[in-house]
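**Student:** Take this sequence and fold it.
(2 chains)
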Amino acid sequence: MENLSAERNAFYQELSRKIKILILVISFFPFILTTGFLFYRFNLTYTEKIQAHVSELVQKHTQNIDTFLSEKLGNIRYLAYQLENSSTKSIELFLKTNLELLETEYPDSFTDIGIVDGNGIQIAYEGPFNLKNADYKNAEWFQNAIQKPFYISDVFAGLRGHPHFIIAVKVRIDGMEHILRATINFAGFNSMVENIQIGKTGIAYILNADGQLQTKADIRIDPTIIASLVDYKNPESRTIITEKQDPAGTRYLYAISTLKNIDWSVVFRQDVRDAFSELRKTQMLTLVLMMAGCIAVIAVAFTLPRYIIKLISSAETKSEAMNRQVIESGKLASIGELAAGIAHEINNPVAIMVEEAGWIEDLLEDEDLKETKNLVEFKRALKQINTQGKRCKEITHKLLSFARKTDSTINDVAVNDAIREMVSLTAQMARYNNVIIETKLEDNLPFVRISPSELQQVMLNLINNAIDAMEKTGGTLTIETRKSRIEQNHIAISIEDTGPGIPKENLDRIFNPFFTTKAVGKGTGLGLSICYGLVQKMGGKIEVSSQVGVGTQFRIFIPFQDSSNDTLTNEFNSIIV
Amino acid sequence: MKKIKLLLVDDEKAFLETITKRLEKRDLDVSTVYSGKEALAEIEKTKTLEVVVLDVKMPEMDGIQTLVELKRKAPLVEVIMLTGHATVETAIDGMKLGAFDYLMKPCDIDTLIGKVKGAAAKKREHEEKITEARIKEITERMA
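**Tutor:** Got it, this is the predicted structure:
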């Protein structure tokens, strides 16, 4: 047994291990593959989308700024054209009128307007500052503007002292080159750029060709970054997206777009963590879910085998138990067969012995041994042989009933018919013992599903017991059957005798095996315990009640199936009809 | 009463020998055979047989078979079954097939004689009734 369970345990371990590995491999492999793939693709796509989004945004704003600048330039060029082609007497009036018009049409765009001659002297000025006759000969913007048809300057402080930039257009007045210049309101311009905000850290600013800031920026921008960004400028005004890390270690997403009208770039910068915050959140969530999934899979991989093994093990145990049972009943059956053979084998020699002893007894009658002092002893000894022989017979007989599985084929039994049969069988013996058998059998009792030979055995035992009890005095044996009023769906069989009765102290024990009150050799004490067992097998019960001096009554209750019986009779009736 | 003519059928010779001696001492006319086949032959031969005591378990032709044949050949002859291997079923089957009674081996000699006497009485009673009926028939025909 030890070896068996050790072997089995090894088998279970192996099986458990295999299941674990199988679950882990089959779950993890596709799971991780899929998740990994999706993760990667999603990352890629989302990043692209964000970059595209930022890029478009920046581009849009750049176009806005471009449009603004074009517009303003256009305005001034138009004015210049007007100035050239109209015969205005007063330049100042011209300036004043047009500035007013410009301010009306484009609020917060133009600060002032003026005309500067070829030497850099502002000969006419209209605006909030006192800049008439200002000398711009050495100003950078002038030096640039005088060489080109039009020019937009970088942002500078200039003579007025705070940031602004100029749009300058060459104009011919009295045959001489002049410059019509207008100052653009920096605050208004700046706010246009400042308004490009995305997320929490995304801001935009403008750099000039040398990488100098043209707009206000709240945060500090590392000059080296800016310098490196300048390299990204290219003649086609395409938007460039890139990521760079500043010396502090923070990574930034940069979108750079060049303006068409002027050598400036719009630079948008956002903390990478901010730009991709949604993406990062999703990634984190996915990772967490994946971890949870993995843990779940591992948990299942470790608990499922245990559960399966438990099921298998219990099934195997049950099957083993059943096998053992089958073997046991097989053994019992062969013992039963053996017992049958042995009983016959024993009974024959015993019969011979008993007969021989009897013969000696007979001969003793003849012999003139009346004087032999041992005559009494002879007779006693021979009687003893006889008695013991009978005892052998009883024992083998009862042994057979016990060990043998009587023909237990279940049938639909009509109880009354079986009883009538038994009564006729025992009629002889009853008459012999002066016992009258009376029967009161109720009609139309339902069929019971039992083994007919088992019922026969029970009835026979009880009838024989009753007759034995009354053998000295004779009496009446009453057998009654009816549908029980006490037990639902049971048939009640009652066997009552008018014998001496059973004393109270024995009543509890009469169904015990080997309990008998009969003289040695007359009973084995197995009869009633066999009855008890058989009635139990039928699903019923057996009861005894007795009064000393009056009699004994045995009652048997056997269940019947109500509905099936009804259908049986119904089917039967319909066939007949 | 006339001596009862009894046939004992059993394959246990020793048993038959002893019981024959005892039965003869008790004033019965006993013949013995050791198999079913012999029993049937004996029935053919001896028409005066009244009772047969038949062992149930015998080699070749068993008790039940022999009983059926006996009843066919000589229906008035009563058969008492003797069973050593204690099957209630065989005994009941035997009764259903026409046996007079059954006994378990080893059996009490007095019980046996009691049953034999009973069987013989029944047989003689039947014979008488048949004879009476025949006489009645003849006399009626004549009248």
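
**Student:** Next, count neighbours for residue 17.
**Tutor:** Went with chain A since none was named. 11 (other C-beta atoms under 10 Å in any protein chain shown). From N, CA and C alone the C-beta is placed, and that goes for glycine too.

**Student:** I was thinking of chain B, sorry if that wasn't clear
**Tutor:** 15.

**Student:** Now the element after whichever strand or helix holds residue A:47, going C-ward?
**Tutor:** Assigned by DSSP states H and E, residue A:47 belongs to helix A:2-85. On the C-terminal side of helix A:2-85, the closest following helix or strand by DSSP H and E is helix A:91-105.

**Student:** which parts of chain B sit against chain A?
**Tutor:** B:12, B:14-15, B:18-19, B:21-22, B:25, B:57, B:84-89, B:92, B:95, B:101, B:104-109, B:114, B:118 (C-beta under 8 Å from any C-beta of the partner chain).

**Student:** For the residue nearest the centre of chain A, report the pLDDT, please.
**Tutor:** Nearest residue to the geometric centre of chain A (C-alpha atoms, centre = their mean): residue A:300, 9.9 Å. Looking at residue A:300, its pLDDT is 87.

**Student:** For it, which non-adjacent residue is spatially closest?
**Tutor:** residue A:23 (6.3 Å; C-beta to C-beta, 6 or more residues apart in numbering or on different chains).

**Student:** if I read this right, that neighbour contacts residue A:303, doesn't it?
**Tutor:** No: taking contacts as C-beta atoms under 8 Å, residue A:23 lies outside contact range of residue A:303: 10.2 Å.

**Student:** which of those two has more neighbours?
**Tutor:** Neighbour totals were compared for residue A:23 and residue A:303, and residue A:23 leads with 17 against 11 (other C-beta under 10 Å).

**Student:** Tell me who's in contact with residue 40.
**Tutor:** Looking at chain A here, since you left the chain open. Residues in contact with residue A:40 (C-beta atoms under 8 Å, 6 or more residues apart in numbering or on different chains): none are found.

**Student:** ah, I was thinking of chain B
**Tutor:** By C-beta under 8 Å, 6+ apart, the neighbours of residue B:40 are B:66, B:69, B:70, B:73.

**Student:** quick one on the thing from earlier: check which helix or strand the residue nearest to the centre of chain A maps to.
**Tutor:** helix A:277-366.

**Student:** angle of whichever helix or strand comes after that helix against helix A:277-366?
**Tutor:** Next along the chain after helix A:277-366, taking DSSP H and E as the criterion, comes helix A:375-403. Helix A:375-403 runs at 160 degrees relative to helix A:277-366, counting by axes from the mean of the first three to the mean of the last three C-alpha atoms, to 10 degrees.

**Student:** For the helix or strand following helix A:375-403, buried residues please.
**Tutor:** Heading C-terminal from helix A:375-403, the first helix or strand you meet, by DSSP H and E, is strand A:411-413. In terms of neighbour count (16 or more other C-beta atoms under 10 Å in any protein chain shown), strand A:411-413 has its buried residues at residue A:413.

**Student:** so how many other residues sit close to residue 91?
**Tutor:** Since you didn't name a chain, this refers to chain A. Residues near residue A:91, counting by other C-beta under 10 Å: 17.

**Student:** I was after chain B.
**Tutor:** Neighbours around residue B:91, by other C-beta under 10 Å: 20.

**Student:** tell me which element it falls in.
**Tutor:** Judged by DSSP H and E, residue B:91 forms part of helix B:88-96.

**Student:** How far does that helix sit from its chain's centre?
**Tutor:** 15 Å (C-alpha atoms, centre = their mean, to the nearest Å).

**Student:** now the angle from that helix to helix A:375-403?
**Tutor:** In terms of direction (the same axes, to 10 degrees), helix B:88-96 departs from helix A:375-403 by 100 degrees.

**Student:** what sits against the residue nearest to residue A:300?
**Tutor:** A:297, A:300, A:301, A:304.

**Student:** Just want the most central residue of chain B.
**Tutor:** residue B:52 (1.8 Å).

**Student:** Give me the buried positions along the helix holding residue B:91.
**Tutor:** B:88, B:90, B:91, B:92, B:93, B:94, B:95.

**Student:** ditto for stretch A:180-194
**Tutor:** Those would be A:180, A:181, A:182, A:183, A:184, A:185, A:186, A:189, A:190, A:192, A:193, A:194, for stretch A:180-194 by 16+ other C-beta under 10 Å.

**Student:** Local confidence estimate at the residue nearest to the fifth one when sequence neighbours are not counted?
**Tutor:** Spatial nearest neighbour of residue A:184, chain neighbours left out: residue A:165 (5.5 Å); criterion: C-beta to C-beta, 6+ apart. Taken from the predicted model, the pLDDT recorded for residue A:165 is 82.
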